[in-house]
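Participant: Predicted model and sequence follow; I will ask about them next.
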Amino acid sequence: MIKSIKDMFRKFSALDIASFILAVALLLCFADLPYGYYTIVRIFATIVMCLWAAIFYSKGNKTLMMIAIGIAILFQPFFKIVLDKDSWLVVDVVVALAMLILPFVKDKIKAKEENDAN
């Protein structure tokens, strides 16, 4: 059983694992944590989303690339976008779900032009 778990995790890249960690970190935002935690999550989310944007760009999917850049801009900690707590929680849940799904479907994502041709 342990061997099969190891085999399962071997197929995940470092970005996949970072995405899983980000999903957990975003869901932990429901707890009442110190302000510094949210800043660290914002920095981590920005980095992870920029990496996803680069992957989408390399696959030629500009739509997903722009969505990832938009999320990175939303989370960036330097020029903060102010949302109320409830709005942030909705954003956190949506992005956490995306971070849990993306590692499993990333190989199926193709360029928009390639999908239109089929």
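Facilitator: Received the coordinates, thanks.
Participant: Please list all residues in contact with the spatially most central residue of the chain.
Facilitator: Centroid check for the chain by CA atoms, centre = their mean gives Met99 as the closest residue, at 4.2 Å. Residues in contact with Met99 (CB atoms under 8 Å, 6 or more residues apart in numbering) are 19-20, 22-23, 26, 48. For the C-beta atoms, the positions are set from N, CA and C on the backbone; glycine is no exception.
Participant: Assign a three-state SS to Phe12, would you?
Facilitator: coil (DSSP: H, G, I helix; E, B strand; the rest coil).
Participant: these two touch, right, it and Pro103?
Facilitator: Yes - under the criterion of CB atoms under 8 Å, Phe12 makes contact with Pro103 at 6.0 Å.
Participant: Which one of those two is surrounded by more residues?
Facilitator: Between Phe12 and Pro103, Pro103 has the larger neighbour count (other CB atoms under 10 Å), namely 18 against 14.
Participant: Give me the buried positions along the helix or strand harbouring that one.
Facilitator: In the assignment (DSSP states H and E), Pro103 maps to helix 85-105. By neighbour count with 16 or more other CB atoms under 10 Å, helix 85-105 contains the buried residues 88, 91-92, 95-96, 98-100, 102-103.
Participant: And for stretch 54-72?
Facilitator: Applying 16+ other CB under 10 Å to stretch 54-72 flags 55-56, 59, 61, 64-65, 67-69, 71-72 as buried.
Participant: Asp32 in helix, strand or coil?
Facilitator: Here Asp32 is recorded as coil under three-state DSSP.
Participant: what's the burial count for it?
Facilitator: 6.
Participant: Tell me the confidence at it?
Facilitator: Per-residue confidence (pLDDT) for Asp32: 89.
Participant: And for the one 4 residues further on?
Facilitator: Gly36 carries a pLDDT score of 91 in this model.
Participant: Now do the helix ranked longest in the chain and helix 85-105, the angle between them.
Facilitator: If you go by DSSP state H, the chain has its longest helix at helix 35-58. Using axes from the mean of the first three to the mean of the last three CA atoms, to 10 degrees, the direction of helix 35-58 lies 40 degrees away from that of helix 85-105.
Participant: hang on, the earlier thing: the buried residues of helix 85-105: which two are farthest apart?
Facilitator: The span of the buried residues of helix 85-105, defined through CB to CB, is set by Trp88 and Pro103 at 23.6 Å.
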